[in-house]
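**Q** structure for this input, please:
(chains A and B)
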Amino acid sequence: ELKVEQNPLFLSMQEGKNYTIYCNYSTTSDRLYWYRQDPGKSLESLFVLLSNGAVKQEGRLMASLDTKARLSTLHITAAVHDLSATYFCAVDPLVRKYIFGTGTRLKVLA
Amino acid sequence: KAGVTQTPRYLIKTRGQQVTLSCSPISGHRSVSWYQQTPGQGLQFLFEYFSETQRNKGNFPGRFSGRQFSNSRSEMNVSTLELGDSALYLCASMAGPGNTEAFFGQGTRLTVV
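**A** Numbers count the residues shown, from 1 in each chain, chains lettered A, B, ... in the order given. Okay, here's the model as predicted:
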């Protein structure tokens, strides 16, 4: 069974701190995606990682992919309140059939 | 460029009824996928349509069905609704072969009472 696990599930952090969300998956996949979801809203695409070693950065967020370890990380630098949301990773091993992680609910405290 | 449009945004139905949800993908996108999001099960893949053909299917009962029209718009139907079908149903639009980044609509919040 394909599994995508994220940890932590919940993360409460102070503004200005750094932290990393981990996404482990159980099957071979060269494609991994990160999404953000605000309460009651849809999924907003953050990063598309399409090869081993891929690293992408946008503002205070940086994502990386290690396909050999089947691991992706989402690093948050100097967190701000606006980053409070739920973050999902998803793999796409069968093409156009995303398997989503459990989600990480991030709360940034002022 | 318009995004993915889902209608209606909210629905309340009674057990045993059926419901049809609609999704219009981004213009030019030919692939439409459907996902169910619940607090207990998270985000689960329902099915994917490309050029009016179902290409992938998730592990949902036959009460869940869908179709895609020649203009790429898609509908999802759920028959004989159960309380457990209450969820946020998300539609995702992809450009097609070689481009697998999914863009999601705002979702339809279905409540079954």
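**Q** chain center to the helix or strand containing B:Leu43, what's the gap?
**A** Per DSSP states H and E: B:Leu43 is located in strand B:42-50. Its chain's average C-alpha position is 7 Å from that of strand B:42-50, according to CA atoms, centre = their mean, to the nearest Å.
**Q** check which residues of it are buried.
**A** Going by neighbour count (16 or more other CB atoms under 10 Å in any protein chain shown), the buried part of strand B:42-50 is B:43-50. All C-beta spots, glycine's among them, are computed from the backbone N, C-alpha and C.
**Q** same deal with stretch B:6-21?
**A** The neighbour-count check on stretch B:6-21 (16+ other CB under 10 Å) flags B:6, B:11, B:13, B:19, B:21 as buried.
**Q** run through who's touching that stretch.
**A** B:22-24, B:75-83, B:89-91, B:105-113 (CB atoms under 8 Å, 6 or more residues apart in numbering or on different chains).
**Q** give me the subset of the residues you listed lying in strands.
**A** Among the contacts of stretch B:6-21, DSSP state E puts B:22-24, B:75-78, B:89-91, B:108-112 in strands.
**Q** contacts with chain A among these, please.
**A** B:Leu90 (CB under 8 Å from any CB of the partner chain).
**Q** buried among the ones in strands among the contacts of stretch B:6-21? Make that a PyMOL selection.
**A** A single PyMOL command selects the buried members of those (16+ other CB under 10 Å):
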select buried, chain B and resi 23+24+75+76+78+89+90+91+108+109+110+112
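**Q** nearest to A:Thr27 among the ones in strands among the contacts of stretch B:6-21?
**A** Taking CB to CB as the measure, A:Thr27 lies nearest B:Leu90 of the ones in strands among the contacts of stretch B:6-21, at 22.5 Å.
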